[in-house]
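1. just need the structure, nothing else, for what follows:
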Amino acid sequence: MIAVLLEQALNGLQLGVTLFLLASGLTLVLGIMRLVNLAHGSLYMVGAYIAFTIQSASGSFSLGLLAAAAATALIGAVLERLLFERLYQRGYLEQVIVSFGAVMFLDELVRVLWGPLPLKAPMPEVFDWSVELLPGLLYPTYRLAIIAVGMVVSILLYLLVTHTRIGMMVRAGASDRSMISALGVNIRDLYTAVFAGGAALAAIAGTMAGPIYSVQIGMGESVLVQSLIAIVIGGIGSIRGAAIAAVLVGVSDTIGRVFLPPGIAQITVYVFMAAVLVCRPRGLFPAHV
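-> Model prediction:
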């Protein structure tokens, strides 16, 4: 029982790290731009496909990761300037409709370029082995690597947001966009940079998920739902809240699916979100990025 619990807790932590990489960029977009972007999960998918292509051609997982992050950041910047920039002064309904259209467009574009069948990304050779955590319990090293990478990225992102000039502008933009614009900050470039950075983080998450899950059309949609739940629980615009809530969502969802009946397991995360919102309607850490 202890071995099973430990294994599922680590699986949940790995899922939580993946959710955080997706949720961190999305919560900044929501917190700063007040933009509901349902296409964020599609950027996760596009990043996974780009990484698969580069890795298959070069044999290098690291090169695929870097190429996916850079290319998806560029795609995100282009989408922000050409499409989402026009929606900042619109209502949430218009944002949802347009971003859903972007989801359909990106899904069909991927279908044209890579085909409709799921693809299996190769496991990086350096991590293609297991470590014995307990007697008889072998755990994949690659999942541990994902946890480590996610923790490093979360620390670096937290330091960037809280201890740098760029982070100061990001936090100020989340609090008062008009004032930071009046102080001489190019709010348009700031928005584009935040959007592109969030797209790059989504691509990193998709790349790392590729060897574990199938790289397929629509792969980002279910993860996006869980990421949105983590954002609501943690507090919109809060990096710290997104990190803690993503881990809580990942662990509770994974353990619940193992130890609870199927019907109850599927609603565990939603019940958890409802309980948090009853006690703290603005989330666990609502005030700070």
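2. so what does the biggest helix by length in the chain touch, helix or strand wise?
-> Ranked by number of residues, the top helix in the chain under DSSP state H is helix 2-28. Identification of packing neighbours for helix 2-28 by 3 or more Cβ pairs under 8 Å, 6 or more residues apart in numbering; DSSP states H and E yields helix 40-58, strand 130-134, strand 137-140, helix 141-163, helix 187-209, helix 219-234, helix 239-259. Quick note: C-beta positions are derived from backbone N, CA and C, even for glycine.
3. want to throw those into CSV with mean neighbour count and distance to Pro281?
-> Shown next, in CSV, are the helices and strands packed on helix 2-28 (neighbours: other Cβ atoms under 10 Å; distance: least, Cβ to Cβ, whole Å):
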stretch, mean neighbour count, distance to Pro281
helix 40-58, 24, 24
strand 130-134, 12, 39
strand 137-140, 16, 38
helix 141-163, 16, 24
helix 187-209, 25, 25
helix 219-234, 23, 10
helix 239-259, 22, 13
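4. just the buried positions in the longest helix of the chain, please.
-> Within helix 2-28, the residues that count as buried by 16 or more other Cβ atoms under 10 Å are 7-8, 10-28.
5. again with stretch 57-72
-> By 16+ other Cβ under 10 Å, the buried positions in stretch 57-72 come out as 61, 64-69, 71-72.
6. ends of stretch 203-216, how far apart?
-> Separation of the first and last residues of stretch 203-216 by Cα to Cα, to the nearest Å is 14 Å.
7. looking at the closest residue to Pro140 other than its chain neighbours now. What's its pLDDT?
-> In space, not counting the residues next to it along the chain, Pro140 is nearest to Ser130; the distance is 5.4 Å by Cβ to Cβ, 6 or more residues apart in numbering. Looking at Ser130, its pLDDT stands at 88.
8. before we move on, back to that, in TSV, list the helices and strands packed on helix 2-28 along with distance to Gly91.
-> What follows is the helices and strands packed on helix 2-28, written out as TSV (distance: least, Cβ to Cβ, whole Å):
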stretch	distance to Gly91
helix 40-58	19
strand 130-134	50
strand 137-140	45
helix 141-163	28
helix 187-209	18
helix 219-234	18
helix 239-259	24
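9. who wins for proximity to Leu109 among those?
-> Using Cβ to Cβ as the measure, helix 40-58 is the one of these that comes nearest Leu109, at 8.3 Å.
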